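[1] sharing a model prediction with you, sequence too.
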Amino acid sequence: MNILHDGLRRVERDSRGQTWLERDLLRCLSPRLRKWLLLGLVLAFSPLPVLAGTLRTLIVQGQSNAAHDMMAGSVELKKILESAGLFSVEFATTPAKGQDMSGFKPDFAAYDLVVVNYDGDRWPAETEAAFEKYMGNGGGMVVVHSADNAFGRWKEFNEMIGVGGWGGRTAKSGPCLRFRDGQWVALEAPGPGGSHGRPHPYVVTTRAPDHPIMQGLPAQWLHVSDELYDRLRGPARNVTVLASAMTDPNTGGSGEEEPVLMAVTYGRGRVFHSTMGHGISQMKCVGFIVTLQRGAEWAATGKVTQKVPDDFPSATESRTRP
């Protein structure tokens, strides 16, 4: 007991607040070494920071159709995803249109999530096969707006996105998703393979409130002025329509409820498909931001941990962030 008592007494602090260990040890060190030692002690006994950006994300970009600046959109998507504190984002950029694509071989398996923000030349057969394997084995994928125009003749890509538009798609490319008697059905219909009327604000209606992406979101909310895609076509299999919007014939739309947010399964993989987000101004809508972040987390992990923010739009008021 005397030894223990003596040890406890010796670590009592003196009038300057130093213990005998600090006082005797620091006396033997140079000022520079003292500084580094004390810094090390502070770091060693400080709480470890919570690491953000743990979901490795790859944005595939490089080519766009004439109506969209998808490279600028990729930068905005990176900002949105990283602002959630869950994603660390890198880019894989293809050669320009018409150039040799043989060297484009991203290591998809190294990522939790792949965001396809691309509409251009087909990838090499080896790269397409690698992506099919990645998705079939449980990968995560996000497709935004005009990326669903891509690869109209790549069968497996069309299975992944459920439905798409343009890119050589016609009425022969598959059915449209139509809301009938309270449920979504795949219906053959005449007309183009993808279209939209004039950009305008539109009300988004939640169709799958129990899905992890949609839990806690309002039944309806107002999106900023944007293109509202209609008559999208494809295999339309393994699709859950998360939200839809009515396309007003007065704006040149189909007059139908059209899917704007979708969750698709492909093998063991998960796909979040948003038709919103024509350009950067549309991507600043809080509804677009939040559904993208939540959809990306679900695609990568199968669950959503993010809370719905207080600034989410209402049915009568759209909201944006700088």
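    That came through, no problem.
[2] which strands or helices does the longest strand along the chain pack on?
    Among the segments of the chain that qualify as a strand by DSSP state E, the longest is strand 257-266. Using 3 or more Cβ pairs under 8 Å, 6 or more residues apart in numbering; DSSP states H and E, the elements in contact with strand 257-266 are helix 155-161, strand 176-180, strand 200-206, strand 229-230, strand 239-246, strand 269-274, helix 286-301. No exception for glycine: its C-beta is placed from N, CA and C like everyone else's.
[3] need these in a markdown table with distance to residue 99, mean pLDDT and mean neighbour count, can you?
    Listed next are those as a markdown table, based on distance: least, Cβ to Cβ, whole Å; pLDDT from 0 to 100; neighbours: other Cβ atoms under 10 Å:
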| stretch | distance to residue 99 | mean pLDDT | mean neighbour count |
| --- | --- | --- | --- |
| helix 155-161 | 21 | 98 | 21 |
| strand 176-180 | 35 | 98 | 18 |
| strand 200-206 | 37 | 98 | 19 |
| strand 229-230 | 29 | 98 | 26 |
| strand 239-246 | 34 | 98 | 22 |
| strand 269-274 | 28 | 98 | 24 |
| helix 286-301 | 29 | 98 | 24 |
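[4] of those, which is nearest residue 312?
    helix 286-301 (5.7 Å; Cβ to Cβ).
[5] with only the CA atoms kept, save that closest one in CSV.
    Backbone C-alpha positions of helix 286-301 (Å, rounded to 0.1, in the frame of the first residue of the first chain) are rendered in CSV as follows:
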residue,chain,number,x,y,z
VAL,A,286,-33.6,20.4,-52.6
GLY,A,287,-36.0,17.7,-53.8
PHE,A,288,-33.5,16.6,-56.4
ILE,A,289,-30.5,16.8,-54.0
VAL,A,290,-32.2,14.8,-51.2
THR,A,291,-33.6,12.1,-53.4
LEU,A,292,-30.2,11.7,-55.2
GLN,A,293,-28.4,11.4,-51.9
ARG,A,294,-30.9,8.9,-50.5
GLY,A,295,-31.1,7.0,-53.7
ALA,A,296,-27.3,6.8,-54.0
GLU,A,297,-27.0,5.4,-50.4
TRP,A,298,-29.7,2.8,-51.1
ALA,A,299,-28.1,1.8,-54.3
ALA,A,300,-24.7,1.4,-52.6
THR,A,301,-25.9,-0.3,-49.3
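[6] how much does the longest strand of the chain deviate in direction from strand 200-206?
    50 degrees (axes from the mean of the first three to the mean of the last three Cα atoms, to 10 degrees).
[7] going along the chain, name the helices of the stretch 51-200 of the chain.
    Under the criterion DSSP state H, counting those that start in this stretch, the stretch 51-200 of the chain carries helices at the ranges 70-83, 125-136, 155-161.
[8] next up, phi/psi of residue 304, please.
    Backbone torsions of residue 304, given as degrees, to the nearest 10, read phi -130, psi 120.
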